[in-house]
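K.L.:
what's the 3D shape of this:
(one chain, ligands or ions: 2)
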Amino acid sequence: MERRVIIAITNQKGGVGKTTTSINVASAIALMGKKVLLIDMDPQAHSTISTVPNPEKYAKSLYDVLMHKGEKIEDTIVRSNIPGLDMAITRISMAKLEPSLAGEFDAHFRLKDALEQIRGKYQYVFIDTPPTLGLITLNALVAANYILIPIQSSYLCLEGTDDLLETIEKVKRIANPHLKVLGVLITLYDSRTNLARDVVKRIRGVFGNKVLKTFISKSVKLEEAPAYKESIFTYAPGSIGAEQYRKVAEEIMSRAKN
Ligand code: ADP
Ligand code: MG
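P.N.:
Ligands and ions are numbered 1, 2, ... in the order given. Modelled structure (predicted):
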């Protein structure tokens, strides 16, 4: 099997489209016939709830695996409602992880170690992260080989970017020298406003050619799909959101090869 691509979808701002992007990009790549896993690291469990029917019926979730070394990550992986997409599920108990792990010498390496257990099983692994730069997000950045940064097209979109870039540099220096910024995805874009065009210019000013060519527009269909535990590709296959996320998935696959 070719090298496993592990992509953390991270921005410590909430509401920028991390979860929407995780689900739809992972779904697009699964539809292309690749073996894809989405890991939900956010204690709010939005990815889990938006893709898995009755997630509470499963005995184990990521908290157990990251907290206790004897547990198997495979026991948290379930088939989602989305064709071809496996999910490593989480639940609110994950909120206990950071206080419980603090001070453990390998606290930042728990997810990386867990992923060793399933080496060879997936070609693409996506990690949806919480809106913080705490221990959970650090676990994702240590385990990943790439980071994809969704940025909401809005006036204050670049607030906090310095902290994120500093965190990435720190992770590279101390724990994961191979981590690369795969791309920056502009989300919730509204092409009708002058502000949106100005915002794109500012984002390009900071990230240059890291900014993906495809933007994700504001779309009601993208907002609705999770309520039905569907990706945009089954919920509204002919929609602009489906077309844009398909193109984003292609850009990601092509960048991850280089
Ligand atoms: P995050 O995971 O970064 O907090 P979400 O993906 O959960 O962000 O998105 C935040 C909210 O915005 C959700 O209600 C989601 O359905 C909605 N949303 C995300 N992307 C779009 C979009 N392109 N168009 C319309 N609504 C969107
Ligand atoms: Mg989210």
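K.L.:
Now Gly15. Nearest residue, chain neighbours left out?
P.N.:
Distance criterion Cβ to Cβ, 6 or more residues apart in numbering; nearest residue to Gly15, sequence neighbours excluded, is Gln152 at 6.9 Å. C-beta here means a position set from N, CA and C on the backbone, and glycine is covered the same way.
K.L.:
go on, Leu85?
P.N.:
Using Cβ to Cβ, 6+ apart, the nearest residue to Leu85 is Ala30, at 4.6 Å.
K.L.:
now do Glu98
P.N.:
With Cβ to Cβ, 6+ apart, the residue lying closest to Glu98 is Leu135, at 4.6 Å.
K.L.:
Let me see the ranges of the helices in the stretch 151-258 of the chain.
P.N.:
For the stretch 151-258 of the chain, the helices defined by DSSP state H, counting those that start in this stretch occupy 161-174, 194-207, 220-224, 232-235, 240-257.
K.L.:
tell me the most buried of those helices?
P.N.:
Highest mean neighbour count of the helices of the stretch 151-258 of the chain: helix 232-235, a mean of 20 (counted as mean count of other Cβ atoms under 10 Å).
K.L.:
before we move on, back to that, need the contact list for the residue nearest to Gly15.
P.N.:
Lys13, Gly15, Val16, Gly17, Thr187, Leu188 (Cβ atoms under 8 Å, 6 or more residues apart in numbering).
K.L.:
At which residues are the strands of the stretch 1-150 of the chain located?
P.N.:
Along the stretch 1-150 of the chain, counting by DSSP state E, counting those that start in this stretch, strands occupy 5-9, 36-40, 77-79, 85-88, 124-128, 146-152.
K.L.:
re the thing from before, and the residue nearest to Glu98, how many residues sit next to it?
P.N.:
Other residues near Leu135 number 19, with proximity taken as other Cβ atoms under 10 Å.
K.L.:
these two touch, right, it and Ala102?
P.N.:
Yes: counting by Cβ atoms under 8 Å, Leu135 does reach Ala102; the two are 7.0 Å apart.
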